[in-house]
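J.: predicted model follows, preceded by the sequence.
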Amino acid sequence: MKIFSNKISKAIKITNRARYIKSEPYSTNSFQMTQKLEAKTSLWQRLRNFFGFRTKLNPKSFANGSHTLQKPFICSKLAAELSEEYLRTNYLSENQKIIDGFRDAGGGASFDNFGKVLYAKREVITIDKELDVYLQNAINYVKQNTVQMSEKKKLKFIYNLMLDISGDAQKAVERSELLGNRAAGEERLLGKIFEHGAAVCRHKALMFKILADEVGIKTRILRGNMMDFGGVGRHVWNEVKLKDGRKILIDIQNCKIIEVKNSSKNAKLVSYLTENNVPIYYK
């Protein structure tokens, strides 16, 4: 009974963190009124996840296209160039803010001269704050709650928030594979992917950069490979450059925060590789 009680307490402790994602316009009053209801729902879902109950993504909804964007394609020249550069270099710097119209279509994708995706092997992650209420709410929530915070506290706040909204990693991988297969070449709003529990490293790194950029934290996004016990696979993560000069690696998918130091070798960094499997940090 004590073990069971400890598990319940741990699950409840997790639910006491941020509860804010709703597919409706954000307002302080509506947010406060829905927190309790959201906490109850989240608690039940957290308990189900904690004790291993499996949930399935409805194949007739998100993955099959009911959330395909319905408005005409609009993409600014800057957004098109940003999408193309990320495809070509696998990197966006702290000075390149992700804007509306940005699209991440994954490796091997192709764009036309206007930034529209011609071919993609998986879903096309689309940034559009006007349509993406989930993303709007996330940005507003971070801005509202970090006004008086130092840079380090802002970073910690966003990191913990990302862990909260990421959900169960294994289920997300399964749902992401389903999404990628059934919605290849189709646009999906970033927030909707989180809302349906299908966010993996590529979605989490984009969301982290967007939220960090909004509160003035210098953030990069990098796409390469990662080596683990299962071999080498594609991966996306972030780097943050603090005002004191330190560089921090943020890997939401693997729940890692690692300080990058040029003067010493850190074994934790050996797993992060370029697209050609060359170590990035561990020389």
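T.: Yep, it's here. The shown structure was predicted, so the numbers you read here are calculated from the model rather than taken from an experiment.
J.: buried residues in stretch 89-98, which are they?
T.: Across stretch 89-98, burial judged by 16 or more other C-beta atoms under 10 Å covers Asn90, Leu92, Glu94, Gln96, Ile98. Glycine gets a C-beta too; all of them are placed from N, C-alpha and C.
J.: what sits against the fourth one?
T.: The neighbourhood of Gln96, defined by C-beta atoms under 8 Å, 6 or more residues apart in numbering, consists of Leu82, Glu85.
J.: dihedrals phi and psi, it?
T.: Gln96 adopts backbone torsions of phi -110, psi 100, taken as degrees, to the nearest 10.
J.: circling back to that earlier point, and the buried residues of stretch 89-98, which is closest to Lys265?
T.: Distance to Lys265, by C-beta to C-beta, is smallest for Asn90 among those, at 23.7 Å.
J.: returning to what we had before: narrow the buried residues of stretch 89-98 to those in strands?
T.: Per DSSP state E, strands hold the following members of those: Leu92.
J.: and the buried residues of stretch 89-98 as CSV, adding distance to Lys152?
T.: Listed next are those as CSV, based on distance: C-beta to C-beta, whole Å:
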residue, distance to Lys152
Asn90, 28
Leu92, 23
Glu94, 16
Gln96, 23
Ile98, 23
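J.: tell me the one of the buried residues of stretch 89-98 nearest Thr219?
T.: Lowest distance from Thr219 to these (C-beta to C-beta) belongs to Glu94, with 5.7 Å.
J.: so which strand or helix has His198?
T.: Small correction: residue 198 is Ala, not His. Assigned by DSSP states H and E, Ala198 belongs to no helix or strand.
J.: what's in contact with stretch 255-274?
T.: Applying C-beta under 8 Å, 6+ apart, the external contacts of stretch 255-274 come out as 159, 163, 224-228, 232, 235, 237, 239, 246-251, 279-283.
J.: sorry, that was for stretch 99-114
T.: Residues from elsewhere that reach stretch 99-114 (C-beta under 8 Å, 6+ apart): 73-76, 78-80, 82-84, 86-87, 115, 117-122, 124-130, 185, 187, 202, 206, 234.
J.: out of those residues, which sit inside helices?
T.: Among the contacts of stretch 99-114, DSSP state H puts Leu78, Ala79, Ala80, Leu82, Ser83, Glu84, Tyr86, Leu87, Arg202, Leu206 in helices.
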